[in-house]
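J.: Below: sequence and its predicted model.
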Amino acid sequence: MEKWFFIIVSLCVAALLKALYDLVFPRNRLPPGPITVPFIGNFLWLRKSFSELESVLPDLHAKYGPIITLRMGSRPTIFISTKSLVHQALVQNGAVFADRPPAPLTHRVISCNQQNISAGVYGPNWRLFRRNLTYEILSPLRVKSYSRARKWVLDILLSRLQNHSGPIPVFDHFGYAMFCLLVLMCFGDKLGEKQIQEIEVVERKVLFSYARFNSLNFWGRLGKILFKKRWEELLQLRKDQEAVLIPLIKARQQLKQEMQGKQGQSEDYVLSYADTLLDLQLPEENRKLTYGEIVSLCSEFLNAATHSTSTTVQWIMANLVKYPHIQAKVYEEISGVVKDGAEMVREEDLQKMPYLKAVILEGLRRHPPGHFVLPHSVTQDTVLDGYLIPKNATVNFRVMEISLDPKIWEDPKEFRPERFLSSNGGGEREEAFDITGTREIKMMPFGAGRRVCPGYNLGLLHLEYYVANLVWKFEWKAVEGDDIDLSEKEEFAIMMKSPLQALISPRSMGTRSKVTAT
Ligand code: HEM
């Protein structure tokens, strides 16, 4: 009895001393948050999905303030919800907040031990991979060299839509088109549809397996013994992925060697992402990438670019169907720019379409494909808003909270593209809006700071080009009785709970002149 009394008193004294210490030295205090029963509480938080967490966060922020800590698993997890704190962290202290937390065990299998851009620790390899993608593939000149592929994919998309009878499942068709385009950019534009489909099947399996295999991560290394079969399944999946992608990488390697033997470069040869990876030399290990590492980087490229763009197109088209007057305004603007009878909207026409650009930005604000950016981590203990952010913490930034902040946006829940036009009638270009939040964060669909999405310009181009052509070629209408449900569900991105199914009618020259915005 005496022993228990002594233990309880000691614990109380320790708690009191800790509280006093935190009061005197607030810089050593974590951001506030709910008290969690050790171990059990941590486990309960860890089991929650991001959308479940999102539903409890508003109450927690109301109680504890804009920066809070939840004890999830063994690490403190910090959530930041206001634009000024996000700016302080990601932009003003960009280098400190640019790290990523250790990936769960199953993700390490797919990312080859975080040897990619999105999961890579902030260091020389990450810098090398990111710089390679940015300068070799995403530079304006290189992006231009893929315009033939974009047009080819547009043709595929339009012909699939034309041949579809009944309501169009927009996400399925557009998702496939986007995937085709990224495959061509990744492995060269000589692949046929059959090969593309083979890649799609295996990549889809990997993507959908993340959630299925996630439970293995709760058990750490013990899980490899307890759930041996499941682990084997995951390793087999990785082998299947390599079996499909490595031959494509080797084919590019062969082609490169043949090209080097020839004088000058063939006009037909367009550099692919896989080509650039074959040349890379890891700075610290002083070696080239293994085929497995190239597979992980290629897979990241395909998925990062495809799903975010396809999801956003679906949300934008849903709004254009729900609000026909906005669709009519987009169409009217295109009619004023492209030549009469033009078959397609060309990429160079997009610069003259401020309303289209405003629709795209409003789509990204109102329906960002992720309600959080990818989890960040700090390179060293640091202080934000007077609180300690320890090196082992995971830091999450709330994208959607900022998009819907009434202090930033008037009637934030409404889909109103005009908010991105200048007051003098819409001359403002999309470049004028600070989408990367460098000066000030008003929304952050692409993140901000050192880890900002490197593909944001390409993403915007894809959204503008394909939405413009979809509206130019067809009039989009809701199926009778469907008022277009805009509720969300969380999958690998924030998707429409009821995927958009819309009716299309080709715009003939006759209807072209009739459509007017109200
Ligand atoms: C609508 C289109 C897109 C959206 C909304 C989007 C959004 C995002 C977001 C929110 C992040 C995380 C930022 C952070 O952690 O702070 C990200 C990272 C990334 N995105 Fe995108 N993205 C899009 C298109 C693309 C495209 C077209 C590519 C490549 C061709 C791409 C490649 C990447 C990569 C490699 C990263 C990891 C960056 C890093 O960790 O350094 N994304 N993207």
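T.: Sure, I can see it.

J.: for the ligand, what are the nearby residues on the stretch 101-250 of the chain?
T.: Selection of the stretch 101-250 of the chain residues close to the ligand by C-beta under 6 Å from any ligand atom yields I117, S118, R130. To be clear about C-beta, it is placed using only N, CA and C from the backbone, and glycine gets the same treatment.

J.: before we move on, what SS does the second one have?
T.: Which is S118. Three-state call for S118 (DSSP: H, G, I helix; E, B strand; the rest coil): coil.

J.: and it, what is it in contact with?
T.: Counting by C-beta atoms under 8 Å, 6 or more residues apart in numbering, S118 makes contact with R100, E300, A304, L374.

J.: Now the buried members of the residues you listed.
T.: By neighbour count, with 16 or more other C-beta atoms under 10 Å, those hold R100, E300, A304 as buried.

J.: For the second one, which residues are in contact?
T.: Contacts of E300 were listed using C-beta under 8 Å, 6+ apart, and they are S111, N116, I117, S118.

J.: Which pLDDT does the model give L128?
T.: Note for L128: predicted pLDDT of 98.

J.: Count the residues that sit near it.
T.: 18 (other C-beta atoms under 10 Å).

J.: Tell me which helix or strand it sits in.
T.: Element membership of L128 [criterion: DSSP states H and E] is helix 124-132.

J.: Tell me which residues of that helix come out buried.
T.: In helix 124-132, counting by 16+ other C-beta under 10 Å, buried: N125, W126, L128, F129, R130, N132.

J.: Pull the most distant pair out of the contacts of S118.
T.: Largest separation among the contacts of S118 by C-beta to C-beta: R100 and A304, giving 14.1 Å.

J.: what are the ranges of the strands in the stretch 301-450 of the chain?
T.: Assigned by DSSP state E, counting those that start in this stretch, the stretch 301-450 of the chain shows strands spanning 376-377, 382-384, 387-389, 394-397.

J.: What's the mean pLDDT across the last one?
T.: I take that to be strand 394-397. Strand 394-397 carries an average pLDDT of 96.

J.: what's it in contact with?
T.: Residues outside strand 394-397 that contact it (C-beta under 8 Å, 6+ apart): 72, 75-80, 86, 89-90, 97, 101, 372-373, 375-378, 389, 444, 447.

J.: In TSV: the buried residues of helix 124-132, plus distance to G459.
T.: TSV is the format used below for these (distance: C-beta to C-beta, whole Å):
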residue	distance to G459
N125	24
W126	20
L128	22
F129	18
R130	16
N132	18
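
J.: ok, the residues you listed vs the ligand, which is closest?
T.: R130 (5.3 Å; C-beta to the nearest ligand atom).

J.: Quick check: nearest residue in space to that closest one, chain neighbours excluded?
T.: Excluding the flanking residues, the one nearest R130 by C-beta to C-beta, 6 or more residues apart in numbering is I117, at 5.2 Å.

J.: Tell me, how many residues neighbour that neighbour?
T.: A total of 25 residues lie near I117 under the criterion other C-beta under 10 Å.

J.: Quick check, it in contact with G455.
T.: No - I117 is beyond contact range of G455, at 10.1 Å (criterion: C-beta atoms under 8 Å).

J.: contacting residues around V270?
T.: V270 makes contact with S145, Y146, R148, A149, G188, D189, according to C-beta under 8 Å, 6+ apart.

J.: Could you give the backbone dihedrals for the nearest residue to K322 once chain neighbours are set aside?
T.: If the residues on either side of it in the chain are set aside, K322 comes closest to I484, at 4.1 Å by C-beta to C-beta, 6+ apart. With angles defined as degrees, to the nearest 10, I484 sits at phi 60, psi 100.

J.: So which bits of the stretch 301-450 of the chain are right by the ligand?
T.: Residues of the stretch 301-450 of the chain found near the ligand (C-beta under 6 Å from any ligand atom) are 301, 304-305, 308-309, 312, 369-370, 373-374, 445-447.

J.: wait, isn't the residue nearest to K322 in contact with K477?
T.: No - taking contacts as C-beta under 8 Å, I484 lies outside contact range of K477: 10.4 Å.

J.: Great, nothing more from me.
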